[in-house]
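K.L.:
below is the sequence, then the predicted model.
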Amino acid sequence: MDGLALLTNLHADGPVSLRRLRTAGVRSLAGMLELPLESLADVLSTEEAAARRLHREARVLAARLLEVPLDPEVVPALPGVDEPTRDGPQVPEDSQEFPHPESCSGEERPCWAAGVEDAAAEKTGDAQLSEGGPPMPLPDYPEPTASPVEGTLLRPGRPHGLGRRELEGLVREGVRTFRALIDLTNLALSRRAGIPYTKLIEFRSVARAELRARLGAIRVPGAFGGVPPEPVSTDRVRPSEPEPRLRVVELEPRPRLEPAPARPRAFGSYRAERVFAGTRLGRDASREEQPNRMRDPTPAPTDPGVAGPFV
Amino acid sequence: MQTLAFVNQKGGCGKTTAAVNLAGALALAGERVLLVDLDPQAHATLALGHCCEEGPGVADVLLHGTPVAEALLLAPAGIALLPSSLGLSEFEEVADRVLHAEGFLARALDGLHGWDFVLIDCPPRADGILTLNALRAANTAVLVVETGTFALQGALRAVELFRVAIAGGRPGFELRVLATLFDQELRLARDLLTGIQARFSDALFDTVIHESVRLREAAAFGLPVQLLDPDCRAVRDFEALAAELCRTDASRRGIGSLVPTPSLNPIALSPPSRTARGEEQPMQVSTTWMD
């Protein structure tokens, strides 16, 4: 199963869509991304909106599978990396996710793939800014102290799909850069920031893909671990935000549990005596009562018929 | 003749469902299909409407050398069925005292002619003697992986068991992976499918079997799903899987096909070889078709 088959199984009709794409000469995700949206809609016999959604999912999947290499030369320079700016792109107040097609003047375009698209591609607010669009102010985030590449700031829509609410949650927890997002993504961050863990992992995957294009392989910690966060410059921290501190909690040693003293069994011997209609199973009713050694530890007379509980 | 063994250590992942309904799809497409039920639970036999205690079955073929032709039953959709029975569990006990017990089924199927596809439904035990028999007889092992929790871990464990199982045996077989019980609405299932694709890549079938109530109902009725509801989603899935198998078989035999064959590079497992000093070399994974 290649990337194209995986895409059709995840987000389309599966074998039917795959057969149509291959009949049209599309052999890979990269080939599908080169198709215009109108042609894609014709091939799949669907509406352009559905074709656009599939196109978007194809980009995310291609980045995840690294089938479409990200050319760093064509990715526009991110604000705050080379030249720190105070005003950044502004997200419309009424939109939870960035960007909503109707709220932007142009069409939607993932920011990390800006350079590989044609003129009819979708555009993000950042791309509009780079093309001379109106600047949109953002809250005053502190400047990263790490290197310009590793300290790439998080912005609404960068990584793709990061909304304003999610960004605020991350910033509140001290995650302000791509590197911090990659290193600190774990279940605890998900709970504190109020972001579903699966969504947080998706943000991390896209952030990795972008940084990988610049830096190479990036090791990602597990769900329950993480590397210490990047040091944050204290003079830039907003007074209302407490500095993140690590508390060392020493666990009290568990009390050693002594085994409970052995109690005599309620029914005496290991082989429970059963009485059915006045007879005893496995024993001759005419025989005398056999002493029960569990109740009466007095050694019984030698009798081959008396069996101990563990014989 | 292409022989496929449906295997997985994990039970309930859809081996029997995949074997039965793929047999139905192939049979309705005009292929000559033989389904061998190698599971002592005889679920494939029951899923095709036959009783597992009447007449000779695969247990007699393995234990008593009964010819396969004498034990075959005609199942719905024109499928030839070699039924199972509870006596098959006796073979597992006998096999400990017999040399080369893992080759009984291969020897029994060697004399068969005229079949296009032989599908073997294996029990949920990748290292048992019955599964070993299936792997010895098959040229393709289909690892059935459900897109659920622990799916990938179970699949990797099964692959490791295959390696141990074929050590010192026949040269090797082709490993393919089939994803089943896929619910496109679940994010977890989509993520798991992406993870399975990342791990097995070209060995994973392009076709994914979606979860469908019709599949469960068809088994209860003793029919392949193609006969119960010809218009349901599961039928389309198995038709696509059958078409993919036929393309693969045609390309293997050098026969041209109308639909361009996608570039498949399945994983072929070879037993570890030994050096001149008797040291075991690591398993070689080749990426060529097994001829």
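P.N.:
Right, received. Where do you want to start?

K.L.:
pretty sure A:Ala188 belongs to a strand, no?
P.N.:
No: read with DSSP: H, G, I helix; E, B strand; the rest coil, A:Ala188 is helix and lies in no strand.

K.L.:
SS state for B:Ile120?
P.N.:
B:Ile120 - assigned by three-state DSSP - is strand.

K.L.:
also the one 4 residues further on?
P.N.:
Using three-state DSSP, the three-state assignment for B:Pro124 comes out as coil.

K.L.:
got the phi and psi for it?
P.N.:
When read as degrees, to the nearest 10, the backbone of B:Pro124 gives phi -80, psi 60.

K.L.:
what's the closest non-adjacent residue to it?
P.N.:
B:Gly11 (3.7 Å; Cβ to Cβ, 6 or more residues apart in numbering or on different chains). For every residue, glycine as well, the C-beta is placed using N, CA and C.

K.L.:
host element of that neighbour?
P.N.:
Following DSSP states H and E, one finds B:Gly11 outside all helices and strands.

K.L.:
per-residue pLDDT, it?
P.N.:
pLDDT, the model's per-residue confidence, is 85 for B:Gly11.

K.L.:
so B:Ala80 sits in a strand?
P.N.:
Yes: with three-state DSSP as the criterion, B:Ala80 is part of a strand.

K.L.:
which residues does it contact?
P.N.:
B:Arg32, B:Val33, B:Leu34, B:Leu35, B:Leu72, B:Leu73, B:Leu74, B:Trp115 (Cβ atoms under 8 Å, 6 or more residues apart in numbering or on different chains).

K.L.:
cool, and B:Phe238?
P.N.:
B:Asn21, B:Leu22, B:Gly24, B:Ala25, B:Ile209, B:Val225, B:Gln226.

K.L.:
compare those residues and tell me which has the most neighbours.
P.N.:
B:Asn21 (31 neighbours; other Cβ atoms under 10 Å in any protein chain shown).

K.L.:
beyond the helix or strand where it lies, next helix or strand please.
P.N.:
When elements are assigned from DSSP H and E, B:Asn21 belongs to helix B:15-28. Next helix or strand after helix B:15-28 toward the C-terminus (DSSP H and E): strand B:33-37.

K.L.:
in its sheet, what does that next one sit against?
P.N.:
strand B:79-82 (parallel), strand B:117-121 (parallel) (DSSP bridges).

K.L.:
can you list those strands in TSV and add mean pLDDT and distance to B:Leu135?
P.N.:
Formatted as TSV, the strands paired with strand B:33-37 follow (pLDDT from 0 to 100; distance: least, Cβ to Cβ, whole Å):
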stretch	mean pLDDT	distance to B:Leu135
strand B:79-82	92	17
strand B:117-121	94	9
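
K.L.:
right, so these: which one is the most enclosed?
P.N.:
strand B:117-121 (a mean of 25; mean count of other Cβ atoms under 10 Å in any protein chain shown).

K.L.:
show me the contact partners of that one.
P.N.:
Contacts of strand B:117-121 (Cβ under 8 Å, 6+ apart): B:1-6, B:15-16, B:19-20, B:22-23, B:26, B:31-39, B:43-44, B:105, B:109, B:112, B:134, B:137-138, B:245.

K.L.:
which among the residues you listed end up buried?
P.N.:
B:2-6, B:15-16, B:19-20, B:22-23, B:26, B:31, B:33-39, B:43-44, B:105, B:109, B:112, B:134, B:137-138, B:245 (16 or more other Cβ atoms under 10 Å in any protein chain shown).

K.L.:
residue ranges with poor pLDDT in the chain?
P.N.:
Reading this off chain A. A:66-151, A:214-260, A:263-311 (pLDDT under 70).

K.L.:
oops, chain B please
P.N.:
B:52, B:54, B:165-172, B:252-291.

K.L.:
need the residues of it near chain A, please.
P.N.:
Applying Cβ under 8 Å from any Cβ of the partner chain, we find that chain B lies next to chain A at B:182, B:184, B:187-188, B:190-191, B:193-194, B:197-198, B:200-202, B:204-208, B:210, B:236-237, B:240, B:259-260, B:262-263.

K.L.:
try 10 Å this time
P.N.:
B:177, B:179, B:182, B:184, B:187-191, B:193-194, B:196-198, B:200-210, B:233, B:236-237, B:239-241, B:243-244, B:259-260, B:262-264 (Cβ under 10 Å from any Cβ of the partner chain).

K.L.:
among those residues, which lie within helices?
P.N.:
B:187-191, B:193-194, B:196-198, B:200, B:233, B:236-237, B:239-241, B:243-244 (DSSP state H).

K.L.:
please name the residues that touch the residue lying closest to A:Arg192 once chain neighbours are set aside.
P.N.:
In this structure, A:Arg192 finds its nearest non-sequential neighbour in A:Glu173, 5.2 Å apart by Cβ to Cβ, 6+ apart. By Cβ atoms under 10 Å, 6 or more residues apart in numbering or on different chains, the residues touching A:Glu173 are A:Ala180, A:Leu184, A:Ala188, A:Leu189, A:Ser190, A:Arg191, A:Arg192, A:Ala193, A:Gly194, A:Ile195, A:Pro229, A:Pro244.

K.L.:
sorry, back to before: relative to A:Leu162, which of the strands paired with strand B:33-37 is closest?
P.N.:
Taking Cβ to Cβ, strand B:117-121 is the member of those nearest to A:Leu162, at 47.5 Å.

K.L.:
using CSV, write out every CA atom in the helix or strand that the closest one is followed by.
P.N.:
Next helix or strand after strand B:117-121 toward the C-terminus (DSSP H and E): helix B:129-137. Taking C-alpha atoms only, helix B:129-137 is exported to CSV below (Å, rounded to 0.1, in the frame of the first residue of the first chain):
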residue,chain,number,x,y,z
ILE,B,129,1.8,-27.3,14.3
LEU,B,130,-1.4,-26.6,12.3
THR,B,131,-0.2,-23.1,11.3
LEU,B,132,3.2,-24.6,10.5
ASN,B,133,1.5,-27.0,8.1
ALA,B,134,-0.3,-24.1,6.5
LEU,B,135,2.9,-22.1,6.1
ARG,B,136,4.7,-25.0,4.6
ALA,B,137,1.8,-25.5,2.1
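
K.L.:
and the angle from helix B:129-137 to strand B:33-37?
P.N.:
Interaxial angle, helix B:129-137 versus strand B:33-37 (axes from the mean of the first three to the mean of the last three Cα atoms, to 10 degrees): 150 degrees.

K.L.:
for helix B:129-137, which positions count as buried?
P.N.:
B:Ile129, B:Leu130, B:Thr131, B:Leu132, B:Asn133, B:Ala134, B:Leu135, B:Arg136, B:Ala137.

K.L.:
could you export these as a markdown table, including distance to A:Leu10?
P.N.:
Formatted as a markdown table, these follow (distance: Cβ to Cβ, whole Å):
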| residue | distance to A:Leu10 |
| --- | --- |
| B:Ile129 | 39 |
| B:Leu130 | 35 |
| B:Thr131 | 31 |
| B:Leu132 | 36 |
| B:Asn133 | 37 |
| B:Ala134 | 31 |
| B:Leu135 | 31 |
| B:Arg136 | 36 |
| B:Ala137 | 35 |
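
K.L.:
ok, so of the contacts of B:Phe238, who is nearest A:Arg204?
P.N.:
B:Ile209 (30.5 Å).

K.L.:
how about the contacts made by that closest one?
P.N.:
A:14, B:14, B:17-18, B:21-22, B:144, B:146-147, B:178-182, B:215, B:233-234, B:237-238, B:240-241.

K.L.:
next, it: phi, psi?
P.N.:
Torsion angles, degrees, to the nearest 10, at B:Ile209: phi -90, psi 120.

K.L.:
close to chain B: what parts of chain A are there?
P.N.:
A:1-16, A:18-19, A:22-23, A:25, A:27-28, A:61, A:64-65, A:196, A:198-199, A:201-202.

K.L.:
and the residue of chain A nearest chain B?
P.N.:
A:Pro15 (3.5 Å; Cβ to the nearest Cβ).

K.L.:
perfect, I'm done here.
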